[in-house]
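Trainee: Here is a sequence together with a model predicted from it:
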Amino acid sequence: MAKSKDARVTVILECTGCVRNGVNKESTGISRYITQKNRHNTPSRLELRKFCPYCYKHKIHGEIKK
C-alpha cells in the first residue's frame with residue numbers, strides 16, 4: 001500500500017524536561033502525547049506546552065521521530 005500525500009500527519013510529542021534530566025529515579029517513564037499537525041502550515045518541528053505527569057509541571061513537549 002502506498003503512502004498518502006495528505007497534509008495531516010500524526011506526530012508524537014515527548015517531554016523535553018524528562019529527556020534532559022534522564023528521567024527522575026522515582027518515575028516510570030517519559031511523558032508522550034500523540035497529536036496531528038498540518039504538514040503544509042507547520043513544516044518545522046512542533047513544540048507545545050503540555051502537562052508532564054512525571055515532572056508534575058507543564059513542560060515543553062517537542063516532536064520526535066516515529
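Mentor: Ah, there it is.

Trainee: Run through the strands of the chain in chain order.
Mentor: Assigned by DSSP state E, the chain shows strands spanning 8-15, 32-38, 47-52, 57-64.

Trainee: TSV please, covering those and showing mean neighbour count and mean pLDDT.
Mentor: Every residue, glycine included, has its C-beta placed from N, CA and C. Shown next, in TSV, are those (neighbours: other CB atoms under 10 Å; pLDDT from 0 to 100):
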stretch	mean neighbour count	mean pLDDT
strand 8-15	16	92
strand 32-38	13	93
strand 47-52	14	94
strand 57-64	16	92
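
Trainee: Find the centremost residue of the protein, please.
Mentor: Leu13 (0.6 Å; CA atoms, centre = their mean).

Trainee: Which residues are in contact with the closest residue to it other than its chain neighbours?
Mentor: Leaving aside its chain neighbours, Leu13 sits nearest to His61 (3.8 Å; criterion: CB to CB, 6 or more residues apart in numbering). His61 sits next to Leu13, Glu14, Cys15, Thr16, Ser31, Arg32, Tyr33, Glu47, Leu48, Arg49, Lys50, Cys52 when contact means CB atoms under 8 Å, 6 or more residues apart in numbering.

Trainee: Pull up the gap between the third one and Ile60, please.
Mentor: Cys15 sits 8 Å away from Ile60, going by CB to CB, to the nearest Å.

Trainee: and what of the last one?
Mentor: Distance, Cys52 to Ile60, using CB to CB: 9 Å.

Trainee: repeat for Leu13
Mentor: Taken as CB to CB, the span from Leu13 to Ile60 is 9 Å.
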